[in-house]
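Asks: Below are the sequence and a predicted model; questions follow.
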Amino acid sequence: MIEKELMSELRSLRSDIGEYNDRMIHLRLEDFKSAFVAQMRDILAEEGRRTIGSGLSQAGKDSGCNLKTACHEEIRSKIEEAIEMLKREDQKGALGLLNRIETTICSDPSPCLDSDCSDKALETIHEVKALLSAYFTLRPKLLEGGESVAHANNVALEAGPSSQDVERAIAPLSNSWRITILRMLGQNEHTMSEIGRALNMKTGHLQFHMRALKEAGYIASDRRRKTYSITERGERAMRGLAELMASLG
């Protein structure tokens, strides 16, 4: 009788130890995920600051605009504010702030007096937006439960396009103005002036966005008719974006 009771106690103890080990493994995995996400956030914040420094320095290098110093300081301050929002996990606030800066630069009338300088400043803002968007897209996937580290590594190592190819394909699309342009051209072809009037955007800034889309192969121009239209590649990109947003909820 004593032996049966002892064996029962041992089985119960073994079961408790097994459950404890399972909880500890899960806890360590969650800690690992949280630490990894925090490290990624810090790295992206530093990369954002580096982008501000190099981007705005290049923007004002050849500009003779007497407003460039004050303008760049304002942009720098707003981007830094967006980076701090990133640290607080405030996705809506961070991306909304950068969108407002972009809208101010692209609006007509715009405070910018040098189109080349403002184009380079826009590029800087777009790069920071891409960094923030990448973080907020990856974060929930990295933190979601039920996926082992081994499985995550296997997924990451699956054959697919290179990181550089992904960047070249996605970078031209990480901008609300360009998405709007693609949607317009998806409905009908338009001239540059028609697009500019619809978006209330200065010609120089519109050319900046159109050039990026054309170089990526998302739009094409008809020189004879002076119109622009979306390409098959552009249509596939828009369908892909729709599927991506749907999968992210």
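Replies: Thanks, I have it. Residues are numbered from 1 along each chain as shown.

Asks: Using the record's domain definitions, break this structure down for me.
Replies: 1-158, 161-249 (automatic domain parsing).

Asks: and stretch 226-243, what's its mean pLDDT?
Replies: What stretch 226-243 shows for mean pLDDT is 91.

Asks: got the buried residues for that stretch?
Replies: 227-228, 230-231, 234, 237-238 (16 or more other CB atoms under 10 Å). Bear in mind the C-beta positions are built from the backbone N, C-alpha and C, glycine included.

Asks: which stretch in the domains of the chain is the model least sure about?
Replies: Among the domains of the chain, domain 1-158 scores lowest, at a mean of 69.

Asks: Who are the contact partners of Glu215?
Replies: Neighbour list for Glu215: Pro172 [criterion: CB atoms under 8 Å, 6 or more residues apart in numbering].

Asks: And for Glu232?
Replies: For Glu232, the contact set (CB under 8 Å, 6+ apart) is empty.

Asks: Distance of it relative to Ile181?
Replies: Going from Glu232 to Ile181 by CB to CB, to the nearest Å gives 17 Å.

Asks: And Ser247, by the same measure?
Replies: When Ser247 is compared with Ile181 (using CB to CB), they lie 24 Å apart.

Asks: Repeat that for Ile52.
Replies: 26 Å.

Asks: ok, the two, which is more surrounded?
Replies: Ile181 (26 against 22; other CB atoms under 10 Å).

Asks: Which neighbouring elements make contact with the host helix or strand of that one?
Replies: Taking DSSP states H and E as the definition, one finds Ile181 inside helix 176-187. Using 3 or more CB pairs under 8 Å, 6 or more residues apart in numbering; DSSP states H and E, the elements in contact with helix 176-187 are helix 91-106, helix 192-199, helix 203-215, strand 219-222, strand 227-230, helix 232-247.
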